[in-house]
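> Provided below are the primary sequence and the corresponding predicted coordinates.
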Amino acid sequence: MIGVAALAQDQGPARTGSQWSAEEYDKACAPLLKTSAGDTRLNLLQFKTVFGKPAIRWAEKDYQQVIDLARACHGYSKQGAMVDGNNWRAMIEGARDKVLPVAERSIQVDEFASGLAKDAIKFPQCSQLLEFEIDPVSMKDSSAEMFGQSFMLMSDKDLNAAIQYVNECLLFVPDYAQAVKGWREAQGKEHLNKIMDKPLIILKRRLEWRDWEKRPSDLIVQDESGAVIPPTMTSRTTREMILRFNKAAALIRRFTPETISILVKLADDVTMESKNAYDIAYAEAVRRRVQDEIFRRP
């Protein structure tokens, strides 16, 4: 229940201003003079917190409670300001027609999320996803802050759950973003689709990596969170470098001078061509391992 309506309900439902004592009348109606009907309408349309409750959580009864209160307080005045019940009704109904459908779709998303199977993640409010950040160079994103765990650390089950949840947020977030951030509808959709892209890619690359021949000596690199970076998430040149390294590392006579020369050249090529941190991390790991091998030689 919104705060201002709670004040009126304390005085009893369906009462008119003339039935209240002066103290009751003042307590119930004064909040309507602290803001205008027009400003309240605008705040609702911008999904701000209104009368103590976020507009995205307003239900039909909340709008009706304010309309009923304004009607009961019609004519209430103080210091030259007066409550116009008719104007309040027009403003609140106008906001309700635009905001309530979005709020109802957000409730549908919450209900959908409660039925999703997951391991360790949490679901943020869909509205929070508007602040999700992705850096295609550093390969960092806001998944840990938003979901409680980075995409790279998530199990396949959690990645699928995150994808399904963000996809469900498409029900209302584009409209919400249009009101809150002034985004075009297409911008809101594109933003959510970009969030889904990374977990989709991770799932795909993990599947591809399962087909690789694996040995205990294979090169494995982790990101800053400690998550393994599947080598299949790297560029073609980086994969060639990793495969050559893995093949050499598995041999008894491990790294020949020719192999070392090829690996150093490939690592340099990766550094020159690389567009993201995953490629660089593997190139640096190859250099370190090759240098260690050289220094170990008598």
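Yep, that arrived.

> Need the pLDDT of R296.
On pLDDT, R296 comes in at 71.

> So for this protein, which residue is the most central one in space?
Centre of the chain computed as the mean C-alpha position; nearest residue by CA atoms, centre = their mean is L129, 2.4 Å away.

> Count the residues that sit near A120.
12 (other CB atoms under 10 Å). In short, each C-beta sits where N, CA and C put it, glycine included.

> Sorry, wrong one. I was asking about R254.
14.

> what's the nearest residue to it if we skip its chain neighbours?
A248 (5.9 Å; CB to CB, 6 or more residues apart in numbering).

> show me the contacts for that neighbour.
With contact taken as CB atoms under 8 Å, 6 or more residues apart in numbering, A248 is in contact with R254, F255, T256, T259, L263.

> Could you pull up the mean pLDDT of stretch 54-65?
95.

> If I look at the residue nearest to the centre of the chain, what pLDDT would I see?
96.

> Alpha carbons of whatever helix or strand the residue nearest to R254 lives in, in PDB - could you do that?
A248 is part of helix 236-249, with elements assigned from DSSP states H and E. C-alpha atoms of helix 236-249 as PDB (Å, rounded to 0.1, in the frame of the first residue of the first chain):
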ATOM      1  CA  ARG A 236      41.800 -18.400 -35.000                       C
ATOM      2  CA  THR A 237      45.400 -17.400 -34.700                       C
ATOM      3  CA  THR A 238      45.300 -17.800 -30.900                       C
ATOM      4  CA  ARG A 239      43.800 -21.300 -31.300                       C
ATOM      5  CA  GLU A 240      46.600 -22.300 -33.700                       C
ATOM      6  CA  MET A 241      49.100 -21.200 -31.100                       C
ATOM      7  CA  ILE A 242      47.400 -23.000 -28.300                       C
ATOM      8  CA  LEU A 243      47.100 -26.300 -30.300                       C
ATOM      9  CA  ARG A 244      50.800 -26.100 -31.300                       C
ATOM     10  CA  PHE A 245      51.800 -25.500 -27.700                       C
ATOM     11  CA  ASN A 246      49.600 -28.400 -26.400                       C
ATOM     12  CA  LYS A 247      51.000 -30.800 -29.000                       C
ATOM     13  CA  ALA A 248      54.600 -29.800 -28.100                       C
ATOM     14  CA  ALA A 249      54.000 -29.900 -24.400                       C
END
